[in-house]
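In: build me a model:
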Amino acid sequence: MAGQRTRDGLLTAALELLAERGQEGLTLREVTDRAGANVAAVSYHFGSLNGLCESAIERALERYLDAQILAVESLGTTSTLQELAEAFARPMVRALGAGGQDLAVMRTVARVGIDPPQGWGRLAGKFDRARQDALRVLMVNLPGVEEQELIFRTRCAAGMLNWLALAPIGTELAAMPTERIGRQLIPVVAGAFHGYPVVGR
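Out: Numbering: from 1, shown residues only. From the prediction side, this is the model:
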């Protein structure tokens, strides 16, 4: 029990520090001081600082994907693009509104999205599931658009949400009530899904 508490404390501390400034320059002492643990605990539970950081990143991403899957899989075939955008963006909207550990998770996911760690391969099934759930709604709403283009739009929407977690505009949104964050953000995500016809295609 005490060992699990120490392990969880190290993961939480690493996640907070990663969210604040990324992995570059992060020291073992910083993590253990924040977690109230000793250096030996990192070796025992994770093998190294790098192993701890990878585990924290994987945990953050898994939490994000689980929340997104839960929101999107509940949609039916009659759901609108606006409803899909609301479900797809819900974890980010909630994190921006709540701040703290929730936002730390989103910032960590956003930081590593540019250079995914090896551990992301373990979560390939969840990535596929989240994408398929979104595609199921998109294909009904946009029957004339090819699947690969819909996948591209989904990836763009996800990238935009990740960018918001780190960009100054994300800080502005985080200062708003959660309901207003949704009103600002969801139409933009819906627009990314919808796209628009290009003249001459």
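
In: in the protein, which helix is the longest?
Out: Across the chain, the longest stretch assigned as helix under DSSP state H is helix 49-73.

In: packing partners of that helix?
Out: Secondary-structure packing of helix 49-73 (3 or more CB pairs under 8 Å, 6 or more residues apart in numbering; DSSP states H and E): helix 2-21, helix 28-35, helix 39-46, helix 81-98, helix 100-113, helix 124-141. For every residue, glycine as well, the C-beta is placed using N, CA and C.

In: ok, and what's touching the one helix or strand in the chain whose mean pLDDT sits lowest?
Out: Sorting the helices and strands of the chain by mean pLDDT, DSSP states H and E puts helix 100-113 at the bottom, at a mean of 76. Defining contact as CB atoms under 8 Å, 6 or more residues apart in numbering, one finds that helix 100-113 is touched by 12, 15-16, 18-20, 22, 56-57, 60-61, 63-64, 91-92, 94-96, 159, 162-163, 165-166, 174.

In: avg pLDDT for stretch 165-174?
Out: The predicted model assigns stretch 165-174 a mean pLDDT of 86.

In: pull out the buried positions in that stretch.
Out: The neighbour-count check on stretch 165-174 (16 or more other CB atoms under 10 Å) flags 165-166, 170, 173-174 as buried.

In: and which of the residues you listed is nearest residue 191?
Out: residue 173 (16.6 Å; CB to CB).

In: give me the buried entries from the contacts of helix 100-113.
Out: 12, 15-16, 18-19, 56-57, 60-61, 63-64, 91-92, 94-96, 162, 165-166, 174.

In: hang on, residue 89 packs against residue 186?
Out: Yes: using CB atoms under 8 Å, residue 89 is in contact with residue 186, at 5.8 Å.
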